[in-house]
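[1] Predicted model and sequence follow; I will ask about them next.
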Amino acid sequence: MEVLLLLILLPPLAGAVLNGILGRRFPQAVVSAVACTAPGLSLFFALLTAWTFAHLPTEPAPYVHSYFTWIEAGAFRADFALYYDRLTLVMTVTVTLVSFLIHLYSRGYMEHEGGYYRFFAYLNLFLFMMLTLVTAANYPLMFVGWEGVGLCSYLLIGFYFPRKSASDAGKKAFIVTRIGDVGFTLGVVLLFWTFGSVDFQYVFTRLEALPPGYLQGSLTAVGILLFLGAVGKSAQLPLYVWLPDAMEGPTPVSALIHAATMVTAGVYMVARSHALYAHAPLALEIVAITGCITAFFAATIALAQNDLKRLLAYSTISQLGYMFVGCGVGLFSAGIFHLMTHAFFKSLLFLAAGSVMHALSGELDLRKMGGLRHQMRTTWLTFLVATLAISGVPGLSGFFSKDAILAGARQGPLGDPRLYWLATVTAGLTAFYMFRALFLAFHGASRVEPAQQPHVHESGGMMTRPLLVLAFFSVVAGYVSLPKALGGGEWFHHYLQPVFASSEALLSSTAAPAAGHAPSGLAVMGTSVLFAGAGFLLAYLSYVKFTGLPSRLTEYFRGTYQLLVNKYYVDEVYDWLIVRPLRRGSEVFLWRIVDAAAIDGLLVNGSARATAGAGNLLRRMQSGNLRSYATWVLLGAVLWLGYILLR
Amino acid sequence: MVPLAHILALSVILFGLGAAGFVFRRNILTIFMCIELMLNAVNLAFIGFSRYLGNLDGQIVVFFVIVVAAAEAAVGLAIIIAVYRNRGSLSIDDFDSMKL
């Protein structure tokens, strides 16, 4: 079992090293063969490990194995140890599956791009880091994976680094997530200070034995600090600003890293730390509120975006908010469920967008598309499936996972009607902007540039096959958990019960009961379908039937529209508030004063000048004049003698 | 008996004269003689102390000093002769090839 666990992680590392060092000399076929075999092997081993784990006599207790001592400094100890339980199972299978499909897709997509081997080396390295993150058995090792995926994200966003906007976007991503990482690190330190260990098994068993109400101050602080890291990594308010810019990277990168895996690391971390959050309901409330507000906020921005990838980026931010709402109200399994379904339909959306880009030679402006469904049937159909899924149309995966979260927001241990209503409204907005994108890109008259018209073609099999597979999963992945209201067994929720049960029970017992009467599950479902339907209807009317409507609306609501198109000017505010003062401070103080004057002038040049000056003075002793030598000898003798005698 | 203070005073005066000459005179032979004068002043001090402390150690040291002075004089004079043959001058100010 311990070998199997390692075997999940090693192929991508080997692939990255091989392609990174020797890839330049390999032909494209070899590079992609190496790079795609790695996630394939990881997927195989992930499934094999899942099967092995399921047959362990200790199942569902977590399996932990320490491979070697990594850090040991006094009382602080962090091993290279891996932790496997049902949550890990879900994460590893999802991550490797989606990653494998995206690697296959990239073979076709990146065919004509330079730096082929570099791309795949980074992509494999990313997979290794992500797998380390989800299998780590202690916070420092998880942080290694956390930072590693951040590094790969930087490298891949800035893949086209000769373009300034791309390298800027890479830097922005890394720096903004770093701010969150400060919180994460402080949280881990505080945790160590409280428990004397950062090992999951040790800390979580202590936490489960802890009576409610103990250590609440420290645990709430740890919870909030760790969540700060998640805010950065999973692009929540106020540290989401890097994700839209991250669309500068190649589309498979957006699909893998910024939809399915890296950005979900924050959600996984919160879910993994459920034992901690169960003792800190205040921290969980903050998680839920942040997630909910972010979901709504990002959805409103998505309404007005014309760049397809940017629209999808804001959509991702919004859906991540949903996942945090799920965890924040105490239903961690709902959050993870949505993580899984979202991985499928969001990466599908991005890959389909990539397919469109490929056909239109890089065009991403929705206003310059239209009518593509005739020439790109497969892309259109898969995009449609994903749109239905993300809008929460009954029957597809998104409906079941979103419904689980909405029901939790209303009735969960920390549920609140306000969260529920905001989330439901957001669902309506989601349906609207997604169908808007669908209609603008694929329906109606073609607004494609005349020069591009003859090139529009469906993408090759290498790109469309992964699309079809992802579409399949977008439909069926939801059926692992049919809600009780529809007579289902909520199998996914029950499957993860051994992981989350104690925390959910603790939260239910300590939290105040939700105000007002609890609506039935069917009512929740019905309302969400209603809102989604309204969104769809509005989009249909605006973009298919009465195509004059949008321009009339944007004219009428001019101010609001300007605000949304310019993303609430958040980037500009940050620039004015933080970036500009920092730069001025750096330039005027740190550069001119500290670096040039103090360090260069005073310390470096100054010490040189002092040495030269001293040398100059001492030089006078060596004048070549014998008489002065004689004088010095006499003087020296007198002084020394005086010193001896006067002692 | 001559008081110790007198002997020491004479010793100091002789030493001072020798030091002054060592620093201020130009002729290298004169400088050498001043070095010898300083050494002998020290010898006088040692003898004085030996007489007044009733200890022979001082006089033994004088032996050593005389021997060293003699050896040093021999070597030093040899050097001066060599330098004179090269420079053609006995003025210490002319020995300046080490000057910058």
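    In hand now; what should we look at?
[2] Quick one: the strands in the stretch 451-600 of chain A, in order.
    Using DSSP state E, counting those that start in this stretch, no strands are found in the stretch 451-600 of chain A.
[3] hang on, I meant chain A
    Applying DSSP state E to chain A gives strands spanning A:63-73, A:76-84.
[4] Direction included, what does the longest one pair against?
    It stands for strand A:63-73. Paired neighbours of strand A:63-73 in the sheet (DSSP bridges): strand A:76-84 (antiparallel).
[5] What residues of the strand it pairs with count as buried?
    Of the residues in strand A:76-84, A:77-84 count as buried by neighbour count, 16 or more other CB atoms under 10 Å in any protein chain shown. Placement of C-beta: from N, CA and C, glycine included.
[6] before we move on, what about stretch A:193-213?
    For stretch A:193-213, by 16+ other CB under 10 Å, it's A:194-195, A:197-200, A:202-204, A:207, A:210.
[7] on that earlier part again, include pLDDT and distance to A:Ala259 when you put the buried residues of strand A:76-84 into JSON lines, please.
    Putting these into JSON lines (pLDDT from 0 to 100; distance: CB to CB, whole Å) gives the following:
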{"residue": "A:Arg77", "pLDDT": "87", "distance to A:Ala259": "36"}
{"residue": "A:Ala78", "pLDDT": "89", "distance to A:Ala259": "31"}
{"residue": "A:Asp79", "pLDDT": "90", "distance to A:Ala259": "32"}
{"residue": "A:Phe80", "pLDDT": "92", "distance to A:Ala259": "29"}
{"residue": "A:Ala81", "pLDDT": "91", "distance to A:Ala259": "29"}
{"residue": "A:Leu82", "pLDDT": "93", "distance to A:Ala259": "26"}
{"residue": "A:Tyr83", "pLDDT": "92", "distance to A:Ala259": "25"}
{"residue": "A:Tyr84", "pLDDT": "91", "distance to A:Ala259": "25"}
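[8] which SS class is the residue in chain B positioned nearest to chain A?
    Using CB to the nearest CB, the single residue of chain B nearest to chain A is B:Lys99, 3.0 Å away. Applying DSSP: H, G, I helix; E, B strand; the rest coil to B:Lys99 yields a three-state assignment of coil.
[9] need the contact list for the nearest residue to it once chain neighbours are set aside.
    Among residues not flanking B:Lys99 along the chain, A:Gly624 sits closest, at 3.0 Å (CB to CB, 6 or more residues apart in numbering or on different chains). Residues counted as contacts of A:Gly624 (CB atoms under 8 Å, 6 or more residues apart in numbering or on different chains) are B:96-100.
[10] and which of the buried residues of strand A:76-84 is nearest to chain B?
    The shortest approach to chain B among the buried residues of strand A:76-84 belongs to A:Ala78, at 63.9 Å (CB to the nearest CB).
[11] with the buried residues of stretch A:193-213 in mind, which one is nearest to chain B?
    So of the buried residues of stretch A:193-213, ranked by how close each gets to chain B (CB to the nearest CB), first place is A:Val198, at 67.0 Å.
[12] what sits against the closest one?
    A:76, A:78, A:138-140, A:188, A:191-192.
[13] residues near residue 87, how many?
    No chain in the question, so chain A it is. 23 (other CB atoms under 10 Å in any protein chain shown).
[14] that's the wrong chain, I meant chain B
    Neighbours around B:Arg87, by other CB under 10 Å: 14.
[15] Equivalent analysis for A:Ile578, please.
    11.
[16] Could you measure from it over to A:Ile175?
    11 Å (CB to CB, to the nearest Å).
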